[in-house]
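>>> From the sequence below, what's the structure:
(2 chains)
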Amino acid sequence: MELFLARLFDGLSAGATYAVIAVALVLIYKATTLINFAQGELAMLGSFVAYVLAVEQGLPIYVAVVVAMVITAALAGGIERVLIRPFDPSNHLPLVIITLGLFLLINAVAGMVWGFDPRRFPGVFPDGNAWTFGIARLRWYTVGTLATVVVLLVVLTILLNRTKIGLAFRAVSSNLESAGLVGVRAGPTLQFGWALAASVGTLAGVLFVSDPFRQLEPTYAQRVLIFASAAAVLGGLDSLWGALAGGLALGLVESIVVGYVEFIPSQMGLATAVFVIIAVLLVRPAGLFGTKVIERV
Amino acid sequence: MSTTSEALPSGAGVGPGAPLLELLDVSAAYGPVQVLHGISLVVAEGEVVVVLGANGAGKTTTIRSICGMVATQGSVLLGGKDIVGKRTADVARLGVAHVPQGRGTFSDLSVEDNLQLGAFTRKDGDVRDDIDRWYEVFPVLGERRAQSAGTLSGGEQQMLAVARALMGRPRLLLLDEPSLGLAPLIVQDLFRRLEGIKADLGTTMLVVEQNANLALGIADRAYVLEAGTIVLSGTAAELREDDAVRRAYLGY
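Have a look, this model is predicted:
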């Protein structure tokens, strides 16, 4: 029982962080209809900004995180205006190449400015455990991260489904031409999407590196992105709540399956999880909660 | 009736209202392929005007040139103001609603969200009332308000597209081949609805259509487009009696 709880909590802890980044990925996909390679690097950049503000400038960590979210939102809005908007929004390939270029650029700039030595990011949640049962420990980090994801999802769900800008988002990603025909201006809508996704990405990145077992370095987002993409695909690429479910499922599969099935070595944890995803996608191509495309003509 | 390919003077042969839409010597091209060769037409306030033509004559391009969806030369005047070069969304904000070919519904959004989007540019508080009114006019949309638009049949999607366009309370409604891909009975029903809208709301419409019989039934005036040029224009009654139109478009 203790061992099971220990594995459950480990799985939740990993899963919560996969989920939070997956939410950011789903959001950028919904808001801009692009697979944005620069998303993870913007989150990394935002984490460094928060680090500088909190550790070097001595701001309280919560203030530092909020300011970093605002700064990355402004930066992403500027990127959209200067690098994305001049191109035809219905032709995705050039845009994806631009995001790939941004990925390299942001990564190189962060490496130049901050170097590649790992740094210890200040904790956002209290250290220690919320609950212990023998060797099983439920950390405050896990509880805090899960709670933040749920609050974030509620806020984003309301924003997308109950507000006018949310309606504009969904129109632009559903049918770009028709969005124009009803008077939705694609440019400003996508710009808001970039800004929102970047600030959520920064929050996600900060939550990820604030785990005392992790460190801040310019390459961290690249590894995270692999887990998070897997979680997002598992949940259904266009479902925010699916991203939470996908992230938790990925974390739990990694920890519990590998813990109990003896012939799978622990190094194969993530690979096992990816096999589970492939199996799910064979049965449900749209993911667990994604929209199945049904269309009559 | 006039048989002409040169620019009509604005307002020529128009009904009682002032001209709302005027195309003057409009040419349009997709890259190197020129589709419209200097067409002129006019739609007066409150009028229903139909553009007839075969496949590839330039009907869709005519409508797209009004909405900034194709490279356009010449003048497109809306209420006397030139709108050539404006973005599609900005033309829509001037009160031009466009039901595109293939209906252009937001297929993964709900029926209700589609109607909400039709009212996207409105600032008044009557949007809810208007949605409920369209649910009365098209009960099937009310029954399926929470369903995604892509699950509706073709006819239902066309009703949704028309209702969505009218949700914007447009000054001008553009309909691009509303009959396309619909069963004959559905098409008849659709045109009865359009006639009702004309009678009840007095909405100014420009309809491009291959189904000349039904289209002339609701039209005040019509133009015939051939190979990107207007070859004939007149009142609906005049065109119905024209032998060439009969043979080519009415089939009797």
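
>>> What are the boundaries of the strands in chain A?
Along chain A, the segments classed as strands by DSSP state E run A:129-133, A:136-139.

>>> With distance to B:D82 and mean pLDDT as extra columns, can I get those strands in CSV?
Bear in mind the C-beta positions are built from the backbone N, C-alpha and C, glycine included. Supplementary listing: the strands of chain A in CSV, determined by distance: least, CB to CB, whole Å; pLDDT from 0 to 100:
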stretch, distance to B:D82, mean pLDDT
strand A:129-133, 67, 87
strand A:136-139, 66, 89
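
>>> Can you tell me which of those is most buried?
Mean neighbour count (mean count of other CB atoms under 10 Å in any protein chain shown) peaks for strand A:136-139 among the strands of chain A, with a mean of 19.

>>> need the contact list for B:L20.
B:L20 makes contacts with B:43-45, B:47, B:78-79, B:171-172, B:204, as judged by CB atoms under 8 Å, 6 or more residues apart in numbering or on different chains.

>>> repeat that for 7 Å
Neighbouring residues of B:L20 by CB atoms under 7 Å, 6 or more residues apart in numbering or on different chains: B:43-45, B:78-79, B:171-172, B:204.

>>> Mind listing residues that contact stretch A:222-240?
A:18-19, A:21-23, A:25-27, A:29-30, A:40, A:153, A:156-157, A:208, A:242-243, A:245-247, A:249-250, A:270, A:273-274, A:277, A:280, A:286-291.

>>> Tell me where the chain is predicted with low confidence.
Since no chain was named, I'll use chain A. Along chain A, the model assigns pLDDT under 70 to residues A:32-33, A:270, A:292-297.

>>> hm, I was asking about chain B
Looking at chain B by pLDDT under 70, you get B:1-16, B:252.

>>> Up against chain A, what does it have?
B:67, B:88-89, B:92-93, B:98, B:100, B:104, B:106-109, B:113, B:116-118, B:120-121, B:150-154, B:168, B:181 (CB under 7 Å from any CB of the partner chain).

>>> Would you write a ChimeraX line that selects the buried entries of those residues?
Burial among those is assessed by 16 or more other CB atoms under 10 Å in any protein chain shown; the matching ChimeraX selection reads:
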select /B:67,88,89,92,93,98,100,104,106,107,108,109,113,116,117,118,120,121,150,151,152,154,168
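
>>> A:A273 against A:E254, yeah?
Yes. Counting by CB atoms under 7 Å, A:A273 does reach A:E254; the two are 4.7 Å apart.

>>> Mind listing what's buried along stretch B:84-97?
So, applying 16+ other CB under 10 Å, buried residues of stretch B:84-97: B:84, B:86, B:88-97.

>>> right, I mislabeled it, should have said stretch B:66-85
Applying 16+ other CB under 10 Å to stretch B:66-85 flags B:66-70, B:72, B:74-78, B:83-84 as buried.

>>> could those residues be laid out in TSV, adding secondary structure?
Listed next are these as TSV, based on DSSP: H, G, I helix; E, B strand; the rest coil:
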residue	secondary structure
B:I66	helix
B:C67	coil
B:G68	coil
B:M69	coil
B:V70	coil
B:T72	strand
B:G74	strand
B:S75	strand
B:V76	strand
B:L77	strand
B:L78	strand
B:I83	coil
B:V84	coil
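
>>> Tell me who's in contact with residue 156.
No chain in the question, so chain A it is. Contacts of A:L156 by CB under 7 Å, 6+ apart are A:27, A:240.

>>> that's the wrong chain, I meant chain B
B:V140.

>>> How much space separates the residue lying farthest from the centre of chain B from B:A165?
In chain B, the greatest distance from the average C-alpha position (CA atoms, centre = their mean) is reached by B:A146, at 27.4 Å. Distance, B:A146 to B:A165, using CB to CB, to the nearest Å: 21 Å.

>>> Pretty sure B:R128 sits in a helix.
Yes. Counting by three-state DSSP, B:R128 falls inside a helix.

>>> in the chain, which spans are helices?
Because you didn't say which chain, this covers chain A. Using DSSP state H, the helices of chain A run over A:2-32, A:39-51, A:61-79, A:92-114, A:140-162, A:164-174, A:176-181, A:186-209, A:220-235, A:240-252, A:258-260, A:269-283.

>>> To clarify, I was referring to chain B.
Using DSSP H, helices in chain B cover B:59-66, B:88-93, B:111-118, B:127-137, B:139-143, B:154-167, B:184-201, B:212-218, B:236-241, B:243-245.

>>> Figure out which of the ones you listed is closest to A:S266.
Taking CB to CB, helix B:111-118 is the member of the helices of chain B nearest to A:S266, at 46.8 Å.

>>> Now do the closest one: distance to the chain's middle.
19 Å (CA atoms, centre = their mean, to the nearest Å).

>>> Can you give me the neighbour number for the closest residue in space to A:L75 that isn't next to it in sequence?
Leaving aside its chain neighbours, A:L75 sits nearest to A:A198 (6.9 Å; criterion: CB to CB, 6 or more residues apart in numbering or on different chains). For A:A198, the neighbour count with other CB atoms under 10 Å in any protein chain shown is 30.

>>> Am I right that A:A198 is in contact with A:L42?
Yes. Between A:A198 and A:L42 there is a contact under CB under 7 Å: 4.7 Å.

>>> what do these two both touch?
With CB under 7 Å, 6+ apart as the test, A:A198 and A:L42 both reach A:72, A:76.

>>> related to what we said a few turns ago, distance of the residue nearest to A:L75 relative to chain B?
24 Å (CB to the nearest CB, to the nearest Å).

>>> Tell me which residues touch that residue, please.
A:42, A:72-73, A:75-76.

>>> Recalculate using a threshold of 6 Å.
Contacts for A:A198 (CB atoms under 6 Å, 6 or more residues apart in numbering or on different chains) come out as A:42, A:72-73, A:76.

>>> and these, which are buried?
A:42, A:72-73, A:76.

>>> Tell me the one among those nearest to chain B.
A:A76 (21.9 Å; CB to the nearest CB).

>>> Leaving out the residues flanking it, which one is nearest to the closest one?
A:A198 (3.4 Å).

>>> again, but for A:V280
A:L234 (6.1 Å).

>>> before we move on, what about A:A31?
In space, A:A31 is closest to A:G193, 2.8 Å off (CB to CB, 6+ apart).

>>> For B:M159, see how far away the one you found is.
A:G193 is 31 Å from B:M159, by CB to CB.

>>> More neighbours: which of those two?
More crowded of A:G193 and B:M159, by other CB under 10 Å: A:G193, with 27 against 23.

>>> What separation is there between the more buried one and A:T99?
In terms of CB to CB, A:G193 sits 13 Å off from A:T99.

>>> ditto for A:R7
37 Å.

>>> so who does the residue farthest from the centre of chain B touch?
B:S110.

>>> ok, 7 Å please
Here B:A146 is in contact with B:110, B:112 (CB under 7 Å, 6+ apart).

>>> now B:I131
Here B:I131 is in contact with B:112, B:115 (CB under 7 Å, 6+ apart).

>>> make it 10 Å
Taking CB atoms under 10 Å, 6 or more residues apart in numbering or on different chains, we find B:I131 in contact with B:111-112, B:115-116, B:118-119, B:141-142, B:145, B:163, B:167.

>>> just A:M1 next, same as before
A:133-134, A:136.

>>> Quick check: the residue lying closest to A:E2 once chain neighbours are set aside vs A:F213, distance?
The shortest distance from A:E2 to any non-neighbouring residue, by CB to CB, 6+ apart, is to A:G134 (3.9 Å). Separation of A:G134 from A:F213 (CB to CB): 20 Å.
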